[in-house]
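Novice: quick one: sequence and predicted model below, then my questions.
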Amino acid sequence: MPGRRFVLGALAFVCAAAMPNDGLHLLATHGGFDQAFDRASGIAELSDGHTRSIAAAIALDGAAAMGAARTQQPGVAQWDARGQVRLRQINLPPQGSLLDDAAHPDHDAPQLAVLASGAVVVPYGAANTYGALDPPAAWACGTGTFCEPFKFAAARERGDLPDALARSPEYLLPSTGLSEISAATLGDATILAGQQQVATPRGEAGAQGYVVLHARGDAAWFETADGPREVRSAHARANGMAMVTAMPTDDAYADVAVDGGEGTGDIGVTIGDRACILHGAPGRDAVRALLAYAAAVCTRFTERYALQRVSYDPLLRFEGRAPADALGITAASGDPARLPAVREVRITCTGAIACGSQAGANRAADVRESGLHRHFLWGGLTRAGPFIYDVLDVEQVTGSWDGAGHNALALALACFRTRGERDGAWIWTDCAGHHPFAVKPDSRAPPRLSPRSPYLIGAPLDGYAAGMLPFVFDWRMRAQPPADGARGYPVLSAHALVRERNGDLAIAYGCQDRGGAYAVCMLRYDGRSGRTRDARFAVRPQDGGSLASLALRSDPDGRLHLAILAGMGARWGCARAGPCAMSYAQDANGGWRREKTVQSGGANDAGFPGSVTASGTAFIVLQRVLTSDGIRVVSYDLH
């Protein structure tokens, strides 16, 4: 599945040292490392009341005995109170399996979660569960499926966590691969949620799935369809995967490549007794000419079908190559699943115009089941008050007909919450406690995000602030923002949540303004009615902004604090280029005042440059710094 991690190449050795003068704690490794970041933190504060350390999951470049080139291997780093750091690769044989997927290494990056008992789990290698990538036989967990490995360290082993995880046997999650995992704990139960990487009879690749892990004392067990399964059992035969919703899909029906040369020819589409065929179309502009002709003449055809120019579809091939142009076909209204079988679509192309797809010449390709035409869901769990909240962004379809699909760009936000289990099932609702439904492991979730779904975060009651892009609740292909930037995206895949004293939610999220510049937006969601009170810019940099990771917390007085970690600091009003971490406090009028800025050098980083998480009265930052010698990874507190 496409991911949104921004991955760099192998690196040379970087020397390690503590840097007490500026509070930055440097991580280095004798091999290269390929730290990939997104909004999932993978970082945790560990404290026993006397000592404090910071632990983080780190993606290491494969090299020699560490694994094949262009792969990512799981590592764990731990900083002590003096800033000294220990780093270990945790999957070296014989206590683990090297990962060998060079095709989707971003999804193999490790994530770190702390359980209710204080134990630590680190899952990794989600993409390596693809059957076509020849995963280790020991990972088999069902007919034709493989399960994701993880390492486990008990609470008493956290003093030297990297070594403990390296010594741990390799265990299996009771599910297929979950990438970019986030975690939240309620009582003795921890939910591990991430993007499903492999389709299963009850799951859906690209949707968010989760497993539930209970921990009490030295005991730890998963919920599965066959009942509890001890975490450290040898195999994961019973499925523990659960889902709150399947993905929405666009309305794409079929597409066909079109190549034209000098001269003219005929081009058209016939489906059953409805046809639209243009004679004498210009070969060099056949698709555009057909669309104009259909709008003006083919009224009976366009009552049921719509034609659209396709600017991009990475799977569309004609005679072994990407076409110069393409034509998309969908329903004028209604569900494209109810249209005739695509084999009944007859394509007419003659003269200077040639058409076809992987189905053959003058044949259209059925795209209704293609992963390119699903709106992937990206989630992040947050424990707040008595609830676990799951905020999902509904992404642009990866195979947009209006331009290349871009990860991290989304149309809207959805919000689910749970208070825990009842009668053996987790009860989920919208984020105001309405519209409940029960979820058990190994049960197929229906699509719950129709355009009018109560689980979607709606438009603000008092309208959007000036310059904001409104959420898009139209999943049809024609509603997707085009890749040429003529329309931006209302949501960029980074968000953070705080539950306020009155039960309302404050949600910060990445966004673009109407001019396409990057910013941070903030909305308030009524925790009783489920309506959005207001939405406005929290931070709107004058110099265009860039992708940024976010965290949000409230202080004892109920005042909100926001942290932003951006890779292109000068675009956020920082003193120079390179990564910049900023903290803001909200004033009594709802405005935001910058309180602290930290820049640690290095070059501009166009991706998410690191992770930031709220911890007590501060934020913890883990970031990469691009230098001429390679990459440094630093961790520090941001007050």
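Specialist: That came in fine, so what should we check first?
Novice: shaky segments in the chain?
Specialist: 1-41, 143, 234-236, 312-324, 398-400, 402-408, 482-486 (pLDDT under 70).
Novice: in it, which residue is closest to the centre?
Specialist: Trp378 (3.9 Å; C-alpha atoms, centre = their mean).
Novice: other SSEs contacting the host helix or strand of that one?
Specialist: Per DSSP states H and E, Trp378 falls inside strand 377-384. Counting contacts by 3 or more C-beta pairs under 8 Å, 6 or more residues apart in numbering; DSSP states H and E, strand 377-384 packs against strand 178-186, strand 189-196, strand 208-216, strand 387-395, strand 491-499. From N, CA and C alone the C-beta is placed, and that goes for glycine too.
Novice: mind running it again at 6 Å?
Specialist: strand 178-186, strand 189-196, strand 387-395, strand 491-499 (3 or more C-beta pairs under 6 Å, 6 or more residues apart in numbering; DSSP states H and E).
Novice: I'd like the ones you listed laid out as a markdown table, including mean neighbour count.
Specialist: Output for the helices and strands packed on strand 377-384, formatted as a markdown table (neighbours: other C-beta atoms under 10 Å):
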| stretch | mean neighbour count |
| --- | --- |
| strand 178-186 | 24 |
| strand 189-196 | 25 |
| strand 387-395 | 25 |
| strand 491-499 | 24 |
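Novice: residues making contact with the top helix by length along the chain?
Specialist: Ranked by number of residues, the top helix in the chain under DSSP state H is helix 286-296. Under the contact criterion C-beta atoms under 6 Å, 6 or more residues apart in numbering, helix 286-296 has outside partners 258, 260, 267, 276, 278, 281-282, 302, 307, 309, 325, 327, 353.
Novice: now do Tyr636 against Ala618, distance only.
Specialist: Distance of Tyr636 to Ala618, computed by C-beta to C-beta, to the nearest Å: 10 Å.
Novice: returning to that earlier point: in TSV: the helices and strands packed on strand 377-384, plus distance to Ile54.
Specialist: TSV is the format used below for these (distance: least, C-beta to C-beta, whole Å):
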stretch	distance to Ile54
strand 178-186	16
strand 189-196	19
strand 387-395	24
strand 491-499	19
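Novice: of those, which is nearest Met568?
Specialist: strand 491-499 (13.8 Å; C-beta to C-beta).
Novice: sheet partners, orientation included, of the helix or strand just after the closest one?
Specialist: Next in sequence after strand 491-499, counting helices and strands by DSSP H and E, comes strand 505-512. According to DSSP bridges, strand 505-512 forms sheet pairs with strand 491-499 (antiparallel), strand 518-525 (antiparallel).
Novice: ok, how many other residues are close to Gln231?
Specialist: Residue 231: Val, not Gln. When neighbours are counted by other C-beta atoms under 10 Å, Val231 registers 22.
Novice: so who does it touch?
Specialist: Counted by C-beta under 6 Å, 6+ apart, Val231 has contacts 220-221.
Novice: then Asp442?
Specialist: Counted by C-beta under 6 Å, 6+ apart, Asp442 has contacts 202, 225, 239.
Novice: of the residues you listed, which is the most crowded?
Specialist: Going by other C-beta under 10 Å, Asn239 tops the contacts of Asp442 with 24 neighbours.
Novice: any idea which helix or strand comes after the longest strand belonging to the chain?
Specialist: In the chain, with assignment by DSSP state E, the single longest strand is strand 409-422. Toward the C-terminus, strand 409-422 is succeeded by strand 425-430 as the next helix or strand (DSSP H and E).
Novice: after that next one, next one along is what?
Specialist: Next element after strand 425-430 (DSSP H and E): strand 437-439.
Novice: can you list the strands paired with strand 505-512 in a markdown table and add distance to Ala292?
Specialist: Shown next, in a markdown table, are those (distance: least, C-beta to C-beta, whole Å):
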| stretch | distance to Ala292 |
| --- | --- |
| strand 491-499 | 34 |
| strand 518-525 | 36 |
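Novice: between these, which gets nearest to Phe437?
Specialist: Among the strands paired with strand 505-512, if distance is taken as C-beta to C-beta, the winner is strand 518-525, at 19.4 Å.
Novice: picking up where we left off before, the more surrounded of Tyr636 and Ala618?
Specialist: A count of neighbours by other C-beta under 10 Å puts Tyr636 above the other of Tyr636 and Ala618, at 21 against 16.
Novice: what secondary structure does that one sit in?
Specialist: strand (DSSP: H, G, I helix; E, B strand; the rest coil).
Novice: hang on, the earlier thing: mind checking how far the longest helix of the chain is from the chain centre?
Specialist: 37 Å (C-alpha atoms, centre = their mean, to the nearest Å).
Novice: quick one: buried residues of the helix or strand just after it?
Specialist: Toward the C-terminus, helix 286-296 is succeeded by helix 299-302 as the next helix or strand (DSSP H and E). Within helix 299-302, the residues that count as buried by 16 or more other C-beta atoms under 10 Å are 301-302.
Novice: which residues does the helix or strand immediately after helix 299-302 in the chain contact?
Specialist: With elements assigned by DSSP H and E, the helix or strand that comes after helix 299-302 is strand 305-309. Residues outside strand 305-309 that contact it (C-beta under 6 Å, 6+ apart) are 287, 291, 294, 328, 330, 332, 401.
Novice: neighbouring strands of strand 305-309 in the sheet, and parallel or not?
Specialist: Strand 305-309 is paired, per DSSP bridges, with strand 325-331 (antiparallel).
Novice: beyond the partner strand, next helix or strand please.
Specialist: Next along from strand 325-331, by DSSP H and E: strand 345-349.
Novice: quick one on the thing from earlier: out of the contacts of strand 305-309, which end up buried?
Specialist: 287, 291, 294, 328, 330, 401.
Novice: pick out whichever of those residues sits closest to Arg216.
Specialist: Looking across the buried ones among the contacts of strand 305-309 and measuring by C-beta to C-beta, the closest to Arg216 is Trp401, at 51.1 Å.
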